[in-house]
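Participant: Below are the sequence and a predicted model; questions follow.
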Amino acid sequence: MAKTNQRLALQIVIGLLAIIPLFVGLQGIFRGPNMLAEGYNYPLSVDSHFRYLSGLPVAIGLLLLRSLPTIDRDASDLRRVSLLIFIGGLGRLWGLITLGFDISTMVATLAELFLFPFLCLWQYQVQKSNVRS
């Protein structure tokens, strides 16, 4: 029973976390850089690049959702996504160090650097308990 509860809890947490990159990515695709700061007349190249890069969080969210049905047996999507998010967190950390600290950016950075590696460890524990039984 505990195995099922752990698996379900992990699925719920990952499913809820998948909503964030899906939402943010779709906002970036549909609103462009104006989602960050309204009123600027961004050059077409900046707008295009921003919308292109906004597709990456959408893909991350979809990969997280794809991992849910087999999360107790296969963590390949979760681990790949976690690596992408961790590397992005390192980039964000570099920005905090070089440009200054902001509380919302700091919270996001901590989540990227620690939450997803923790989820990988949790998934490993769920998978290990699944193999034992």
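Facilitator: Arrived safely, thanks for sending.

Participant: Who are the packing partners of the helix or strand containing Arg66?
Facilitator: Taking DSSP states H and E as the criterion, Arg66 maps to helix 44-67. The contact analysis (3 or more CB pairs under 8 Å, 6 or more residues apart in numbering; DSSP states H and E) places helix 44-67 against helix 2-31, helix 76-99. C-beta: built from backbone N, CA, C; applies to glycine.

Participant: what's the angle between it and helix 76-99?
Facilitator: 140 degrees (axes from the mean of the first three to the mean of the last three CA atoms, to 10 degrees).

Participant: Helix 2-31 and helix 44-67, what's the angle between them?
Facilitator: 160 degrees.

Participant: Can you mark which positions in helix 44-67 are buried?
Facilitator: Buried residues in helix 44-67, defined by neighbour count with 16 or more other CB atoms under 10 Å: 50-51, 54, 57-58, 60-64, 67.

Participant: Now do it: distance to the chain's middle.
Facilitator: How far helix 44-67 lies from its chain's middle: 11 Å, per CA atoms, centre = their mean, to the nearest Å.
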